[in-house]
Every structure is written in structure tokens, then in C-alpha cells.
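J.: Fold the following for me, if possible:
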Amino acid sequence: VPLVIAGGPYRGGRAVEELVSTASLPKTILALAGVDVGDAMIGENLLDVVEKKADNRPNEIFAQISESRVGRCIRTARYTYSVYAPGVNGGAAAASDRYADDFLYDMEQDPHQLNNVVADPAYAQVKAELRERLLDWIWRAEGAPSRHYGLRRAARFPGGRHEGTGPKVGNGLPLGTGLH
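T.: Below is the predicted model:
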């Protein structure tokens, strides 16, 4: 979805190809007003993206779905990967302590997102990597205690890398986040 910002330092009409999130709008608006919230909020100051201030900025976004159901998603330049909380009503709960695979789309091969490859063994490694990155986003957004990070990851990923066998993917096992 295109995003247009005008005013203040945003002048001259510039197209930016990097992925950005609406979660960054509050932080950006506060920065325009001279308020630096640092890491107290998720998102980023979009002026930093426009001015390319971070050389190592990952070109990815995190999305939360909490209306009709509870879901989380990571979007990279190439992939869209999503999980959902089975049996959890988004109107009643904002988060869950367990998630299951929902979909994975390869935007280079399938730009219209018609072929869900979440269970395709050819994408097992991609899904495992995106799952780890999505879990990192969930922890940052929902404030899980960092001191339990490694333990909870190992306990919540059946057969996960912390147990030495690599994540089991494509089998419908819940993706636990340890957010309780």
C-alpha cells in the first residue's frame, strides 16, 4: 500500500522503495514535533528511511492482525509469512501464547499471492528463517522478557534449533511465542 507524507522536512517528492509500516507513523509524527521516543515505541522515524541513515536497516515489516482473529506477519522484499492463533478471537484477545503457520508467499514467483507455499518442503529453510525473524518482531512488539528469550524459544519450537534438530516445518505444529 503506498504511503505519502508531506510537510516539514518531507519536500520535493521522492519515491522510496524500502518497505515501511504504518506502525512507524506515531514515531515519525512525534519526531516531526521534536519528540524523540527512542526505543519506547515500535517502528522507526521514516525520515531516517527517506534519508537512508541506517546502512544495515533490514527491508522488512511486521504486521499484527487483531480484529477478526489474532495473527502476526513478516513481509520482506521477497516473502510474506504469516501465523495465526487457532481458536482465538481477535475481538476478545490481542495476542496469544501459541501460533500456527498460516501462509507463505514468494513474491518473486507469485506476486499476486495465489500459491501458498507454507507446507512446501522446498521452502522449509525459508520458512524457518522467517519464523525466527517473526518471533523476534513479536518479542519486540509485545514486550516478552529478554532474560527468558533463549529458554522460551527452545521450549516453544518443537524440534527447534536449540534442541539440535532444526525447526519442524510444514507439519502444522504450533509456533509458540512464550508471551505469557
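
J.: what comes up buried for the longest helix belonging to the chain?
T.: Of all the elements of type helix in the chain, the one with the most residues (DSSP state H) is helix 124-142. Buried positions in helix 124-142, judged by neighbour count with 16 or more other C-beta atoms under 10 Å: 124, 126-128, 130-131, 133-135, 137-139, 141. Just so you know, the C-beta spots here come from the backbone N, C-alpha and C atoms, and that holds for glycine as well.

J.: likewise stretch 60-79?
T.: Buried residues in stretch 60-79, counted by 16+ other C-beta under 10 Å: 60-66, 69-76, 79.

J.: same question, stretch 87-106
T.: 88, 90, 95-96, 98-106.

J.: tell me the mean pLDDT for it?
T.: Averaging pLDDT along stretch 87-106 yields 91.

J.: what sits against the most centrally placed residue in the chain?
T.: Nearest to the mean C-alpha position of the chain, by C-alpha atoms, centre = their mean, lies residue 62 at 2.7 Å. Going by C-beta atoms under 8 Å, 6 or more residues apart in numbering, residue 62 touches 21, 23, 42, 72-74, 134, 137-138, 141.

J.: doesn't residue 95 make contact with residue 142?
T.: Yes. Residue 142 is within contact range of residue 95, at 5.7 Å (criterion: C-beta atoms under 8 Å).

J.: the helices in the protein, which residues?
T.: 25-32, 46-50, 124-142, 149-156.

J.: Which of those helices sits closest to residue 13?
T.: helix 46-50 (11.3 Å; C-beta to C-beta).

J.: ok so, going back, and the residue nearest to the centre of the chain, what are its bridge partners?
T.: residue 74 (DSSP bridges).

J.: Who are the contact partners of residue 84?
T.: Applying C-beta under 8 Å, 6+ apart, we find residue 84 in contact with 65, 69-72, 99-100, 102.

J.: Done for today, thanks.
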